[in-house]
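Engineer: heads up, no residue letters with this:
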């Protein structure tokens, strides 16, 4: 494998035009606040369904990340900010690269709720679900897929797609007759991609000329716990234009953050669910934005 | 009033020759316009605006001779001055087959037909739960705003009307629960909730958060509980929320549990099922909330409450 870890980490979800985006200068971002092995790599140009290559690549990433992890164990509380500042410097170096974040991350961003330039929370939201789509590039006969594949259900009267499940990574896929596929249930971007490849491999083995075009992550869901109860009534009074709290309809407060465009479900117990992200950083950024606000509405009793 | 309007400068202005600035007083009994400064009768033979006939309420013994009809509601119906030909009377209005000669009663206000329909529906719904005229008017206004904006055009008009009714009740300070609105509407609670959120976003308004006290008087009087019990239940619910005994519970459930506790401590004991029926809350929900407030029951009652059943004998579920 020629891909080593000094290659520029591209933002996940960007389809890389063939070779045009690798200017050869290594942009190395050592502080990846991700969990295991998720340094974003340049999106592979290969549309081949080589699962072996995929897994090898992931293993290499994991090794690299664990090396980096050893160096940054103590700084987990700081990493989100460092990552941001690093990112601001790195993205400007690449011409034509769409930056991960559109704003300079000063504390005075206009539409985000005002954040004091103080310490960040020590809490990192955990990703719970990733929804991605991929185009297999050929028309499929759902009946044969449903009959011959294992763990596939197909009820055309109820829904016009085959619902297939695999155990590792534990995911579910909706496969449509146009050749498009939706993969849900993965806990990380790489797992989602791996799972999508596995499904495509299954379809390929059934005799269809399946390809792996336009893999895109559509939605990412994360959750975390701020560990203190929250006064939702106070929050809805002060942040009226962003919040919606209707205890008759839903017990949590629905906070629609504008920048980044994330929806947060905030509960009295202190648990927070963040959804609507296309990249992992949006979830982290949104949580860093909301954490000081939630601290201000902590229940005192 | 068809005569000279004082504010219109294009028409010849009637004014007293001695006091040109004085506003003339209209005396319709004699049909005069009188200057209040000197008493001069300035304009006479002003058109009488009283009714054409003196109609005595005879329960429609003969047809109503008034040729004017109801007052229009210009705010809501677009304010067009259309007239329509009514059905004919007498034999001459029917042609040889028995059909009426003049048939065109349709399309009197084509663009607002849906709106008129919705207003009718709103009035019907409000009538079922005895809502006063001001809430109906507010609902009509909200519906008109939403309808003109066209941002919720795809949604069923009945759903939008129900949601407008809910918002109007909230804005007037007498909120009704979603379930109460569901009871008088054919739309599901889910759809009303969705339309509610969409309307708030479309009109860029917000509503106050509901509190337990908003529903006490209605629930208690529907259950037939005396005023003492109602006041006790209001106090209990308020105290429970203040002491944060019921975090995350819907205010309706807390209110229902408070009513249960208050009624069980008084002579008028109501079962959880009865309260659940009136409040639209499941009785297991009342049980859950009751379990949360039961440990502090002694602190929750108002100090001047007369206990029929003492606090330690309250049912423990």
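Structural biologist: Yep, that arrived. Just so we're clear, the structure is a prediction, and the values are computed from it rather than from any experiment.

Engineer: Helix, strand or coil: sort out residue B:42 for me.
Structural biologist: strand (DSSP: H, G, I helix; E, B strand; the rest coil).

Engineer: Next, count neighbours for it.
Structural biologist: 18 (other Cβ atoms under 10 Å in any protein chain shown). (Each C-beta comes from the backbone N, C-alpha and C, glycine too.)

Engineer: What distance do you get for it to chain A?
Structural biologist: Going from residue B:42 to chain A by Cβ to the nearest Cβ, to the nearest Å gives 57 Å.

Engineer: Which residues are in contact with that residue?
Structural biologist: B:14-16, B:24, B:32-35 (Cβ atoms under 8 Å, 6 or more residues apart in numbering or on different chains).

Engineer: and stretch B:149-165, which residues are buried?
Structural biologist: B:152, B:155, B:157-165 (16 or more other Cβ atoms under 10 Å in any protein chain shown).

Engineer: Dump the residues you listed to a markdown table, plus secondary structure and pLDDT.
Structural biologist: Conversion of these to a markdown table gives the following (DSSP: H, G, I helix; E, B strand; the rest coil; pLDDT from 0 to 100):
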| residue | secondary structure | pLDDT |
| --- | --- | --- |
| B:152 | coil | 91 |
| B:155 | coil | 92 |
| B:157 | helix | 93 |
| B:158 | helix | 95 |
| B:159 | helix | 96 |
| B:160 | helix | 96 |
| B:161 | helix | 96 |
| B:162 | helix | 96 |
| B:163 | helix | 97 |
| B:164 | helix | 96 |
| B:165 | helix | 96 |
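
Engineer: ranges for the helices of chain B?
Structural biologist: B:113-128, B:133-149, B:157-171, B:178-183, B:189-203, B:213-223, B:227-242, B:251-265, B:272-279, B:283-293, B:297-300 (DSSP state H).

Engineer: Can you tell me the SS state at residue A:173?
Structural biologist: Under three-state DSSP, residue A:173 falls in the strand class.

Engineer: got a pLDDT number for it?
Structural biologist: In this model, residue A:173 is scored at 96, pLDDT.

Engineer: Next: residue B:216.
Structural biologist: Residue B:216 is given a pLDDT of 93.

Engineer: And the helices in chain A, which stretches?
Structural biologist: A:51-71, A:79-93, A:142-148, A:189-205, A:232-238, A:280-296.

Engineer: Lowest mean pLDDT across the ones you listed, which one is that?
Structural biologist: helix A:79-93 (a mean of 41).

Engineer: Can you give me the distance of residue B:164 to chain A?
Structural biologist: 16 Å.

Engineer: close enough to count as contact, that residue and residue B:142?
Structural biologist: Yes: contact criterion Cβ atoms under 8 Å: residue B:164 and residue B:142 qualify, at 4.2 Å.

Engineer: on that earlier part again, ok, and which of the helices of chain B has the densest surroundings?
Structural biologist: Burial of the helices of chain B is given as mean neighbour count (mean count of other Cβ atoms under 10 Å in any protein chain shown); helix B:251-265 ranks first at a mean of 27.

Engineer: Just the mean pLDDT for that one, thanks.
Structural biologist: 95.

Engineer: now the angle between helix B:272-279 and that helix, please.
Structural biologist: Calculated by axes from the mean of the first three to the mean of the last three Cα atoms, to 10 degrees, helix B:251-265 forms an angle of 140 degrees with helix B:272-279.

Engineer: Residue numbers of chain A in contact with chain B?
Structural biologist: A:229, A:233, A:236-237, A:240, A:244-249, A:251, A:267-269, A:299, A:301 (Cβ under 8 Å from any Cβ of the partner chain).

Engineer: just the buried members of those residues?
Structural biologist: Here, 16+ other Cβ under 10 Å leaves A:229, A:236, A:244-249, A:251, A:267-269 buried among those.

Engineer: Closest one of the contacts of residue B:42 to chain A?
Structural biologist: residue B:24 (51.0 Å; Cβ to the nearest Cβ).

Engineer: count of residues packed around that closest one?
Structural biologist: Residue B:24 has 23 nearby residues by other Cβ under 10 Å.

Engineer: Which residue comes closest to it once chain neighbours are left out?
Structural biologist: Leaving aside its chain neighbours, residue B:24 sits nearest to residue B:33 (4.3 Å; criterion: Cβ to Cβ, 6 or more residues apart in numbering or on different chains).

Engineer: In space, what's closest to the residue positioned nearest the centre of chain B - neighbours in sequence excluded?
Structural biologist: Nearest to the geometric centre of chain B sits residue B:135, at 2.2 Å (Cα atoms, centre = their mean). Spatial nearest neighbour of residue B:135, chain neighbours left out: residue B:168 (5.0 Å); criterion: Cβ to Cβ, 6+ apart.
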